[in-house]
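S.K.: Fold the stuff below for me.
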Amino acid sequence: MSKTMLRTNMNTPSVLLAFFVATCAAPAFAQDEVPATEQPAAAESDSEHAQAQALLQQCAQAIRNAKSMSFKIRTYGTDSMESMSAKIDAEVWMLRDQSGLWLMRAKGAGQGRSGDEQTFDVGWRKDTIEFLDFKEKKVTERRTREVRGGAYQIATGARVADLVSNNPYQSVFAAEKLELQDRQSIDGVDCDVILATTAAKRSKVRWYFGVEDHLPRKVEKIVDGEKISGMMVSELRDFVAQTDSAFDAEKVRIEVPTDFAIDRFQPPEQQDSAKAPQQDDKSGKSDGTNPATFTGIPGAKIDAEKLEPAKEAAPAEPSPAQEPAPTPPEPVIATLPAFELTGPGGAKVTADSLKGSVAIIDFFGGWMPARSWQSTLKTAISDIQNVKVYAADVREKTVESGAKVLRDRGIPWDHLHGADALAKQLGIKVFPATVVVDKDGRIIEVFQNCRDAAMAERIKTAATDAAK
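M.R.: Numbers count the residues shown, from 1 in each chain. Coordinates of the predicted model:
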């Protein structure tokens, strides 16, 4: 049709009406068609996510039911992640203690980024880490926060965070999207496969769980960036989880070679009474005593009465008078230092404004590795009464960045911004950290390196006692 004819025909009322109806009807028809194709796909995706969550719940319960676990682990990287991943081949033993925490030992060899292969034998206790120092030929035990580098750093690759956590696979549950993929066989074990995608959609993690026992057999952390791509892989073989009984506790303790010395951490309260032969005897033996294993809680005060003391030789003539009843430790009476932080709605919160009620101040930051800690603490103190709870951010550049971390984690506490100086005044060196303050502004206790449910329960107890 020529342009002249089109213009002529368009001038007639009937043609104009037909054209108007056609142009309006076409988009309406298209809009009616879109939901018909998209809604079922969305529903199917939601259903798959729910199915994956249900399966994941069974896998998490399998870990919660276990009293002890053992497996062999091999880790490595692929593609451009190969040079950035530790290569480990180790045997792992895990034993749940009376409080429900996992004690763990990893023994094997591995290569760090430097490429140098190192042998390791490392045991994670409640609040300390013991390891063989092959260079110095001794067994060393130190507080967790004091152990760094070397063979220990390589051995941490054998410590699967989602297994030692009190909330197994919490990071997987928090994923924005869960997909069920085709079953695969890993070392002869049929496995269900779950692919978890983070909210940022920058990384994915693929888990392989045994169909029969729901125990993990393989983990693939997938990186697909413009400059870096590949996988960090952990293969778990010969996985055994015991639910009715546990193996011998000696499995998670370091075996002391005959020619190795022993150098264990002692709390300050015991160091004054410790005898020199305990430290200097290269045979690993001393004058009938063994250095104590530190089992206290990392915080502002250490209750020596609650530690596992060294087993000393009994006196020749024991007398009841020599063993007076232990007295409770003196409470910490340091006062919360003066400060002023930005609170909800821009209001200023100070040390004086906190007086009148017991307060829990949790120091957090999106950069801290223990990202599940706040959820653990939230669960523990959910029924606490007459206690104010604050989340004070550290090293967060803006109020919004700290607030976003809390929103993403589902933490409802009042947000205090810019608590770096306050944390320093309190002597906090290891994060996350939590402080309990009484009604008069006195510090009841400072907890550092907060990670597990046992620590959260101690915080709850300290706050509840202060509120009485």
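S.K.: And the strands in the stretch 201-350 of the chain?
M.R.: Using DSSP state E, counting those that start in this stretch, the strands of the stretch 201-350 of the chain run over 203-210, 216-224, 229-242, 261-263, 340-342, 348-350.
S.K.: Can you tell me the strand partners of the fourth one and which way each runs?
M.R.: Taking DSSP bridges as the criterion, strand 261-263 sits next to strand 138-143 (parallel) in its sheet.
S.K.: hey, where'd the helices end up in the chain?
M.R.: 3-10, 13-65, 150-155, 161-164, 170-173, 268-271, 277-280, 351-354, 373-380, 399-409, 420-425, 453-467 (DSSP state H).
S.K.: mind checking how far Ile186 is from Ala370?
M.R.: Applying C-beta to C-beta, to the nearest Å, the value for Ile186 to Ala370 is 30 Å. Where C-beta positions appear, they are placed from N, C-alpha and C, glycine not excepted.
S.K.: so for stretch 415-424, what's the average pLDDT?
M.R.: Computed over stretch 415-424, the mean pLDDT rounds to 93.
S.K.: Flag the shaky bits of the stretch 301-450 of the chain, pLDDT-wise.
M.R.: 301-333 (pLDDT under 70).
S.K.: Would you check how far apart Glu136 and Ser171 are?
M.R.: For Glu136, the distance to Ser171 - C-beta to C-beta - is 37 Å.
S.K.: Mind checking which of these two has more residues around it?
M.R.: Per other C-beta atoms under 10 Å, whichever of Glu136 and Ser171 has more neighbours is Ser171, with 16 against 11.
S.K.: What's the local residue count around Ala334?
M.R.: Count around Ala334 with other C-beta under 10 Å applied: 15.
S.K.: Spatially, and excluding backbone neighbours, which residue is closest to the residue nearest to the spatial centre of the chain.
M.R.: When C-alpha atoms, centre = their mean is applied to the chain, the residue found nearest the centroid is Ala370 (4.1 Å). Distance criterion C-beta to C-beta, 6 or more residues apart in numbering; nearest residue to Ala370, sequence neighbours excluded, is Arg451 at 4.8 Å.
S.K.: and the one you found, what does it touch?
M.R.: Arg451 sits next to 370, 373, 376, 432 when contact means C-beta atoms under 8 Å, 6 or more residues apart in numbering.
S.K.: where are the low-confidence patches of the stretch 51-200 of the chain?
M.R.: By pLDDT under 70, the weakly predicted segments of the stretch 51-200 of the chain are 113-115, 199-200.
S.K.: cutoff 80 now
M.R.: Applying pLDDT under 80 to the stretch 51-200 of the chain flags residues 84, 99, 112-116, 145, 148-151, 166, 171, 198-200.
S.K.: just the strands in it please.
M.R.: 68-77, 87-96, 102-111, 117-124, 128-133, 138-143, 177-186, 189-197.
S.K.: how about CSV for the ones you listed, with distance to Glu400 added?
M.R.: Below are the strands of the stretch 51-200 of the chain laid out as CSV (distance: least, C-beta to C-beta, whole Å):
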stretch, distance to Glu400
strand 68-77, 35
strand 87-96, 39
strand 102-111, 36
strand 117-124, 37
strand 128-133, 37
strand 138-143, 36
strand 177-186, 25
strand 189-197, 25
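S.K.: will you turn the ones you listed into TSV that also has mean neighbour count and distance to Glu226?
M.R.: Putting the strands of the stretch 51-200 of the chain into TSV (neighbours: other C-beta atoms under 10 Å; distance: least, C-beta to C-beta, whole Å) gives the following:
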stretch	mean neighbour count	distance to Glu226
strand 68-77	20	18
strand 87-96	20	26
strand 102-111	21	27
strand 117-124	20	32
strand 128-133	21	38
strand 138-143	19	41
strand 177-186	14	22
strand 189-197	19	18
